[in-house]
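>>> turn this into a structure:
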Amino acid sequence: MFTNATEGNVPVVLVVNGPNLNLLGQREPEVYGHTTLQHINRELGEFAESHGIELRFFQSNSEGGLIDFIQQNAPDADAMIINPGAYSHYSYALRDAIAGVGIRAVEVHLSNIAGREEWRRLSVTAGVCIGQISGFGSAGYRMALEFLLDQDKDH
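Got it, this is the predicted structure:
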């Protein structure tokens with residue numbers, strides 16, 4: 001539920017992207033596609049605006065940068081969409097940051113991590129998220145936001 005969005009205030013959703021996602025469109029396009037992160041953010045932003053939601057975008061190749069952003073912005077946010085990239089497979093610090101801020105989070109992966117290398121199949125961060133969307137390319141971000149909207153309607 002968009003708990004921080006009081007009457008007259010717009011719900012806020014953090015959109016957090018981890019390492020190497022700044023290279024989308026050029027990095028292994030056969031795995032991650034040709035769509036850039038800027039394009040994903042623009043399309044997601046237009047969809048959010050049409051539903052009265054403010055998005056706060058952030059990307060970092062640094063684990064500490066991601067954790068700092070989440071901790072600093074979560075108090076004013078209602079939910080989070082996060083693509084931790086490779087950090088999803090081993091960053092217990094990022095996992096603890098997601099769990100510690102107490103807002104709903106949906107994990108997104110562009111590729112189907114269950115069908116990739118064995119080390120990519122486990123996500124240590126997914127367990128503290130309300131759901132995971134994997135393998136739908138850039139559409140996964142919109143699916144995550146639509147899920148948050150639908151969940152808000154159900155409450």
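>>> over to the closest residue to Gly25 other than its chain neighbours: give its phi and psi.
Spatial nearest neighbour of Gly25, excluding adjacent residues (Cβ to Cβ, 6 or more residues apart in numbering): Thr36 at 3.8 Å. C-betas here are computed from N, CA, C, even on glycine. Per-residue torsions, Thr36: phi -80, psi 160 (degrees, to the nearest 10).
>>> against Arg142, how distant is Thr36?
15 Å (Cβ to Cβ, to the nearest Å).
>>> and the residue nearest to Gly25, how many neighbours?
16 (other Cβ atoms under 10 Å).
>>> partner strands of the host helix or strand of Ile81 and their direction?
When elements are defined using DSSP states H and E, Ile81 is found to belong to strand 79-83. Here strand 79-83 has these sheet partners by DSSP bridges: strand 12-17 (parallel), strand 104-109 (parallel).
>>> any chance of these in a markdown table, plus mean pLDDT, distance to Leu148 and mean neighbour count?
Formatted as a markdown table, the strands paired with strand 79-83 follow (pLDDT from 0 to 100; distance: least, Cβ to Cβ, whole Å; neighbours: other Cβ atoms under 10 Å):
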| stretch | mean pLDDT | distance to Leu148 | mean neighbour count |
| --- | --- | --- | --- |
| strand 12-17 | 98 | 7 | 24 |
| strand 104-109 | 97 | 7 | 25 |
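>>> Ile67 - that's part of a helix, no?
Yes - checked against DSSP: H, G, I helix; E, B strand; the rest coil, Ile67 lies within a helix.
>>> wait, it sits on Ala93?
Yes - counting by Cβ atoms under 8 Å, Ile67 touches Ala93, with 6.2 Å between them.
>>> looking at the two, which is more packed in?
Set Ile67 next to Ala93 and count neighbours by other Cβ under 10 Å: Ile67 wins out with 21 against 12.
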